[in-house]
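Novice: Have a look at this fold, sequence not included:
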DNA sequence: GAAAACTCTGTACTGCGTACAAGGAGCGAA
DNA sequence: TTCGCTCCTTGTACGCAGTACAGAGTTTTC
C-alpha cells in the first residue's frame, strides 16, 4: 500500500478497484482492505453509521485501532469503500421496457437503502469512482436504451430518480432511527406532542387550515404520520409520467 | 426555563414557539434563546454546520460554554431551532396558478438551501413542529388550492417537491463543500482522477459504454461534472408535468 | 433578613480521529 | 547465514467534541 497523504484521489481509486500495488517486503498483513470494509458494513448494519468508529472496527477484527490505517487512509475513505461495496448488491438484470426498467432501478435502490440505512448518511463530496457505482450508473442508463433522449437528459433523469429514492428512503429510515433512539414510536411521540401544541394559541389550526387538515388526514390514513413508502411509489409514478411525456412514449 | 430532560418533545415545542414559561426567581439571564439561535446561524453560515459547536457559539456570545444549556437543552435541539428559524426566511406570497405556484415554492427553497447550505446537513428524526415550518407546509399546500386532489395526494406532492429540491441542492452544495475542504476545484479533481482511472484495466470505458459516454457529455456540457442546477430545473419540469397529468390540468 | 430558585462558570469525564515513535516480522543482498 | 531495510503492528498521546456536576454569585419570595 502506497504511503500517500489522505484525501489523495489516486489512493482512493486504487483501493476502490483493488489495484494490487508493488510487492511488499515486511511481514504479511493480517488483514486486507476487504476485511476492513466488511467489518465496517457489519457494524453499520448492526448499530448504524455512528457506531462505525475506528476503534469499534478494530475491536471487531481483533487488531489495534491504528492497524486499520495500514489498509485505509482514514475513516472518510473507508465510508466511500463501504458505499461502493454496498452498490455491489444491486442486481444487473433489467425487465423489458423503459418504464418497468426505471421502476426496477428505483425499487432495487429503495430496498438497498432499507437493507443498509447508513448509506443515506454517508456524505461523499465528489462522485464515487468505484466499480459497483459505475455499474449502477450503467444499469440506470441501460434502462432507457429505447428512449430517444440526449445524454444530458439521460443524466438528469438518473439524478432525479436517485434523488427521489434517497429522499423517500431518508424519511422512512429517519423515522425508524428516531424511534429507536428515543424509545418512542411515532404514535407515542405524536401523543406526547399534540397536547403541547394544542396549548399554544399561535399554533391554532385556524392559522394553518390546509396544513392541519392534510396533516390530520395523512396521519389517520397511515400509522400516525405520513407514509414514506407511499410517497415513494406516488413520486415514482409522477416522475415516470413526466418522462413519458418528454420522450413521447 | 423548565428543567426537563433533553429529548423531551414538550420542551422543544415550547422553545420553537417561544412560550414564555413561569416567572423566574434567580438573576436576569444575560441572553435569550433567540440570541443563541442567531449565533448558531451566524456560525453555520460562516463556517458550516461542523463549526456549530457549543464552545464556538459560547465564544461568539461571550459566555461560558455551559451557559448555553440554560437556554437550550442540547445541541440537537439547537439545530432544530435553527432549522425552523431559517424556514422563516421563506416568502409567504404565491404567484397565480398551480404550476407557477409550485415552481415558486421549489425555487424559493432552492435559494434558501444555497443561502444556508447547512440546512441540508441537519438530520431531524421527527418532523419539526415549529411555526415557520408549519407556514412552509401551509404555503406548499396553498399553491395547489385550485387542483382537484385529495389530501393524501397533496401531502405526497409536497414531499416529492421537497425531496427534489433537497436532493439537487445537496449535489450543488456538496461540490462546493468538497472544493473548499480539499482545495481542489471539480476540474482539478477530475484531472487528477481521470489518469488514475485510465490505468485500471477493469475501468475500461468498453465495460461501461453508456456511463462513460453520458458522463463525458455531461462533463463537457458543464464545468467538468454534472450541473445540479440544471438537474433541478429539469426535474422540476418533469414532476410538474406528472402532476399535471394526474390532476388533468 | 433568610431562604429558595435561578444563572453562570470551571473542571472533568467519555469518546472521537489520528499523529507519532517504538517494537517486531519477513524479505533481499552480502 | 546474517545484516539491514521495509513494512505491519501497537501503545501512548493530543486536540476537540458534548455535557454532567458542583460551587459561586444574583435575584426574588416569604
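Specialist: Nice, I can see it. Predicted model, so just to flag it, every value in this text is computed and none were measured.
Novice: need the longest helix for chain A.
Specialist: helix A:151-182 (DSSP state H).
Novice: Which elements pack onto that helix?
Specialist: Under the contact definition 3 or more C-beta pairs under 8 Å, 6 or more residues apart in numbering or on different chains; DSSP states H and E, helix A:151-182 sits against helix A:98-115, helix A:131-142, helix A:186-198, helix A:228-247, helix B:151-182, helix B:209-221, helix B:228-247. The C-beta positions use only the backbone N, C-alpha and C, and glycine is treated the same way.
Novice: Quick check: the residue of chain A most remote from its centre vs residue B:202, distance?
Specialist: Here chain A reaches farthest from its C-alpha mean at residue A:201, the gap being 39.8 Å by C-alpha atoms, centre = their mean. Per C-beta to C-beta, to the nearest Å, residue A:201 is found 65 Å from residue B:202.
Novice: picking that back up, what's the separation between the residue farthest from the centre of chain A and residue B:6?
Specialist: Counting by C-beta to C-beta, the separation of residue A:201 from residue B:6 is 26 Å.
Novice: Can you measure across stretch A:27-35, start residue to end residue?
Specialist: In stretch A:27-35, first residue to last residue: 18 Å (C-alpha to C-alpha, to the nearest Å).
Novice: Report whether stretch A:76-94 contacts DNA strand C.
Specialist: Yes - judged by C-beta under 7 Å from any atom of the strand, stretch A:76-94 comes into contact with DNA strand C through residue A:76.
Novice: And that stretch, how far out from the chain middle?
Specialist: 10 Å (C-alpha atoms, centre = their mean, to the nearest Å).
Novice: what does stretch A:117-126 give?
Specialist: 6 Å.
Novice: Next one: that stretch, is it in contact with DNA strand C?
Specialist: No - using C-beta under 7 Å from any atom of the strand, stretch A:117-126 stays clear of DNA strand C, coming no nearer than 12.9 Å.
Novice: what's the span of that stretch from first residue to last?
Specialist: Distance between the two ends of stretch A:117-126: 20 Å, counting by C-alpha to C-alpha.
Novice: List the buried residues of it.
Specialist: A:117-122, A:125-126 (16 or more other C-beta atoms under 10 Å in any protein chain shown).
Novice: Can you narrow these down to the ones near DNA strand D?
Specialist: Answer for these near DNA strand D: none qualify (C-beta under 7 Å from any atom of the strand).
Novice: Using CSV, lay out these together with secondary structure.
Specialist: Below are the buried residues of stretch A:117-126 laid out as CSV (DSSP: H, G, I helix; E, B strand; the rest coil):
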residue, secondary structure
A:117, helix
A:118, helix
A:119, helix
A:120, helix
A:121, helix
A:122, coil
A:125, coil
A:126, coil
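Novice: Spell out which residues of chain A are next to DNA strand D.
Specialist: Contacts of chain A with DNA strand D, taken as C-beta under 7 Å from any atom of the strand, map to A:1, A:22, A:24-31, A:63-67, A:69-71.
Novice: Can I get the buried part of the residues you listed as one ChimeraX selection?
Specialist: The buried residues among those can be selected in ChimeraX (16+ other C-beta under 10 Å) with this line:
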select /A:1,31,63,67,71
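Novice: Report how many residues lie close to the residue nearest to residue A:192 when sequence neighbours are not counted.
Specialist: Using C-beta to C-beta, 6 or more residues apart in numbering or on different chains and skipping the chain neighbours, the partner closest in space to residue A:192 is residue B:9 (4.9 Å). Residue B:9 has 22 neighbours, counted by other C-beta atoms under 10 Å in any protein chain shown.
Novice: One more: residue A:233?
Specialist: Count around residue A:233 with other C-beta under 10 Å applied: 16.
Novice: Tell me how far it lies from DNA strand C.
Specialist: 36 Å (C-beta to the nearest atom of the strand, to the nearest Å).
Novice: Kindly report the same for residue A:121.
Specialist: For residue A:121, the distance to DNA strand C (C-beta to the nearest atom of the strand) stands at 13 Å.
Novice: Would you mind giving me the confidence score for the residue lying closest to that residue once chain neighbours are set aside?
Specialist: Nearest residue to residue A:121, sequence neighbours excluded (C-beta to C-beta, 6+ apart): residue A:49, at 4.6 Å. Looking at residue A:49, its pLDDT is 97.
Novice: List phi and psi for residue A:32.
Specialist: phi -140, psi 170 (degrees, to the nearest 10).
Novice: Which pLDDT value does the model give it?
Specialist: 96.
Novice: Residue ranges in chain A under the pLDDT threshold?
Specialist: Along chain A, segments meeting pLDDT under 70 span A:1-5, A:222-225.
Novice: Return the residues of it in contact with DNA strand C.
Specialist: Applying C-beta under 7 Å from any atom of the strand, we find that chain A lies next to DNA strand C at A:6, A:23, A:25-28, A:52-56, A:65-66, A:69, A:74-76.
Novice: Recalculate using a threshold of 6 Å.
Specialist: Contacts of chain A with DNA strand C, taken as C-beta under 6 Å from any atom of the strand, map to A:25-28, A:53-56, A:65-66, A:74-75.
Novice: what number of residues lie near residue A:50?
Specialist: Using other C-beta under 10 Å, residue A:50 has 13 other residues around it.
Novice: Look up how far residue A:178 lies from it.
Specialist: Separation of residue A:50 from residue A:178 (C-beta to C-beta) stands at 14 Å.
Novice: buried set for stretch A:200-209?
Specialist: Within stretch A:200-209, the residues that count as buried by 16+ other C-beta under 10 Å are A:200, A:203, A:208.
Novice: same check, this time on stretch A:136-148
Specialist: So for stretch A:136-148, counting by 16+ other C-beta under 10 Å, buried means A:136-141, A:143-144, A:147.
Novice: just stretch A:78-93 next, same as before
Specialist: Of the residues in stretch A:78-93, A:78-87, A:90 count as buried by neighbour count, 16+ other C-beta under 10 Å.
Novice: Give me the residues contacting it.
Specialist: Under the contact criterion C-beta atoms under 8 Å, 6 or more residues apart in numbering or on different chains, stretch A:78-93 has outside partners A:12, A:15-16, A:33, A:36-38, A:40-41, A:44, A:49, A:52, A:57, A:68, A:72, A:108-109, A:112, A:115-116, A:119, A:122, A:124, A:128, A:130-133, A:135-136, A:139.
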